[in-house]
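A.B. asks: just the structure for this:
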Amino acid sequence: MRDLFPVALLSALVTLTGVGGGRALAADAMTVAEELSLGAREHPNILQRYGGEYPNATLRDYVAEVGQRLVGTLPPTPFTFTFTLLDASDAYAFAMPGGYVYVTRQMIAFANSEAELAAVLAHEIAHVFSRHARERQVLQDELRGAPVAENIEAMHRFTRDQEYEADAISIRMLADAGYDPMAQARFLATVAEQQELALRAGSPLPRDPASHPAIDARVLRATDVATDMVRERRGRAAAANMITAYVQLPPIDDGWYSGRDKFLGMIDGMVYGRRPSEGMMVGNTYVDTFNRYTFTLPAGFRFTSTGRSIMARGPNGASMRFDAQLSRTPQTEPLATYLGRSITAGFTLEKLEEGQVDGLPAAFARASLRGSGGRPAVVQFTAIRATPTTYFRFQFYLPDASEDMMTRAWEGPASFHKLSAQEAAAVQPMRLRVVSTGAGAEVEETARLSVRAPPAVVGWKCLRPPPKTTSTPSPSAPL
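C.D. replies: The predicted structure follows:
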């Protein structure tokens with residue numbers, strides 16, 4: 001029951017009274033007791049896997065308060081719901097059978113009001129209340145022995161229907177709790193905008209999984225469901241208000257609560273993005289306080305992804321790859337020898353040399369090859385030995401083999417700095433800041449108001465600059 005970013009919320013037109021009645025369940029399907037046991041058993045594992053609870057108790061209690069307000073709109077249920085705010089830098093929400101609902105701080109950072117936070121939680125509550133995990137278990141049993149492709153497609157189709165059902169239930173829950181039912185469509189639209197911004201910045205995101213409807217379809221469906229429900233309730237209110245003329249009852253009002261000011265006050269100062277111990281990007285600088293190192297990209301480059309490898313793109317098709325390599329035993333071979341054998345076969349290295357970066361042993365090399373259209377291109381390699389068993393490696397692919405671009409690319413490895421314990425302790429995570437502006441304020445003005453001092457990433461210095469080499473193109477395949 002996991003909704004990964006950008007798969008946050010989905011929609012369908014289903015009434016709450018129709019929950020759980022559309023499928024005959026096998027006698028050996030998961031019982032309520034088994035669901036409760038599964039959720040309780042997995043809860044500690046989930047906390048450990050996803051970074052634990054966010055350390056701000058006030059914000060955690062607030063999320064739980066919103067969740068319980070939604071639970072109060074449900075018919076009687078055997079589940080006691082528990083809401084957990086995870087200290088994770090990825091944006092997702094998910095639920096476990098038995099009443100365990102999880103949302104990450106990064107996910108709620110995309111919301112703009114309490115109503116939008118409620119939309120995220122309501123979708124996950126609907127999954128648990130509808131016992132969707134049990135229904136999927138039954139379908140898996142029915143499909144056992146079917147061709148693999150048929151099995152997968154049937155599961156995806158069934159899961160998409162469940163997502164639509166959970167979304168429709170959640171929209172009705174929002175309205176019953178007094179929240180703006182259009183909040184779900186608004187939140188989905190924000191998620192779509194975040195996706196677009198990431199793509200523009202050069203960070204490729206996975207497509208919507210086959211088990212979920214496309215995000216644009218979710219926005220449209222959520223809008224339609226909320227619009228139809230509001231129209232229906234206003235019709236009932238109009239009829240009721242006619243009666244009040246005779247019985248003197250107060251008129252029915254469909255004014256919805258957004259909770260925007262309260263929500264923004266709650267998330268002001270919340271950690272945003274990755275913590276320094278996870279490896280954090282600050283502009284063009286990357287800092288990792290767990291492994292205690294930092295470096296800055298050359299001018300014109302920008303990060304595209306992080307993980308086991310850190311990737312960046314540069315001008316004219318240039319790219320960078322950075323990673324760390326660990327050895328089980330201390331290495332005594334010359335660093336130039338290590339660099340030479342660690343490079344993918346097919347490159348003819350030129351002027352393989354040793355030197356230092358930030359006082360650490362380093363080796364530098366360059367290979368020439370033919371890029372697209374037969375034009376000369378260059379790949380520059382750097383290996384830095386931080387400890388006898390730890391190596392850091394840079395690889396720059398430069399379709400533009402000009403002297404200026406090659407010199408610029410060396411700036412990345414030259415900026416590498418091994419953080420001391422004191423320097424690492426001084427680095428702080430990025431945090432959200434809520435800023436009030438006047439009407440018509442420009443984005444640039446708002447950004448200036450919101451700027452705070454950057455994390456304490458210290459300066460560094462390359463003790464010996466990487467070598468400048470000359471080369472002749474060789475017929476090697478590009479990266």
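
A.B. asks: show me where this structure has helices.
C.D. replies: In the chain, the segments counted as helices under DSSP state H are 32-49, 57-71, 105-109, 114-129, 132-143, 148-176, 183-200, 215-247, 260-267, 335-342, 403-409, 411-414, 421-426, 443-450.

A.B. asks: out of these, nearest to R393?
C.D. replies: helix 335-342 (7.0 Å; CB to CB). Where you see a C-beta, it was placed from the backbone N, CA and C, and this is true even at glycine.

A.B. asks: now that closest one, how far from the centre of its chain.
C.D. replies: 36 Å (CA atoms, centre = their mean, to the nearest Å).

A.B. asks: who are the packing partners of it?
C.D. replies: strand 349-357, strand 360-370, strand 376-387, strand 390-398 (3 or more CB pairs under 8 Å, 6 or more residues apart in numbering; DSSP states H and E).

A.B. asks: circling back to that earlier point, deepest of the helices of the chain, which one?
C.D. replies: When you average the neighbours per residue for each of the helices of the chain (mean count of other CB atoms under 10 Å), helix 114-129 leads with a mean of 28.

A.B. asks: run the angle between that helix and helix 260-267 for me.
C.D. replies: 80 degrees (axes from the mean of the first three to the mean of the last three CA atoms, to 10 degrees).

A.B. asks: nearest to R313, of the helices and strands packed on helix 335-342?
C.D. replies: R313 sits nearest to strand 390-398 of all the helices and strands packed on helix 335-342, at 10.1 Å, using CB to CB.

A.B. asks: helix 335-342 and the closest one, what's the angle between them?
C.D. replies: Relative orientation of strand 390-398 versus helix 335-342 (the same axes, to 10 degrees): 60 degrees.

A.B. asks: mind checking the end-to-end distance for stretch 65-81?
C.D. replies: Stretch 65-81 has an end-to-end distance of 11 Å (CA to CA, to the nearest Å).

A.B. asks: that stretch: how far from the chain's middle?
C.D. replies: For stretch 65-81 - counting by CA atoms, centre = their mean - the centre lies 27 Å from the chain centre.

A.B. asks: mean confidence for it?
C.D. replies: Here stretch 65-81 scores 94 as its mean pLDDT.

A.B. asks: before we move on, back to that, I'd like the helices and strands packed on helix 335-342 as TSV, with mean neighbour count appended.
C.D. replies: Output for those, formatted as TSV (neighbours: other CB atoms under 10 Å):
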stretch	mean neighbour count
strand 349-357	18
strand 360-370	22
strand 376-387	21
strand 390-398	22
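
A.B. asks: quick one on the thing from earlier: mind checking which of the helices of the chain is nearest D358?
C.D. replies: helix 411-414 (8.7 Å).

A.B. asks: tell me what the closest one is packed against?
C.D. replies: So helix 411-414, by 3+ CB pairs under 8 Å, 6+ apart, packs with strand 293-296, strand 390-398.

A.B. asks: and Y397, bridged to which residues?
C.D. replies: Under DSSP bridges, the beta-bridge partners of Y397 are S319, V379.

A.B. asks: need the pLDDT of it.
C.D. replies: For Y397, pLDDT reads 94.

A.B. asks: can you give me the separation between it and G300?
C.D. replies: In this structure, Y397 lies at 14 Å from G300, with CB to CB, to the nearest Å as the measure.

A.B. asks: one more: S277?
C.D. replies: 29 Å.
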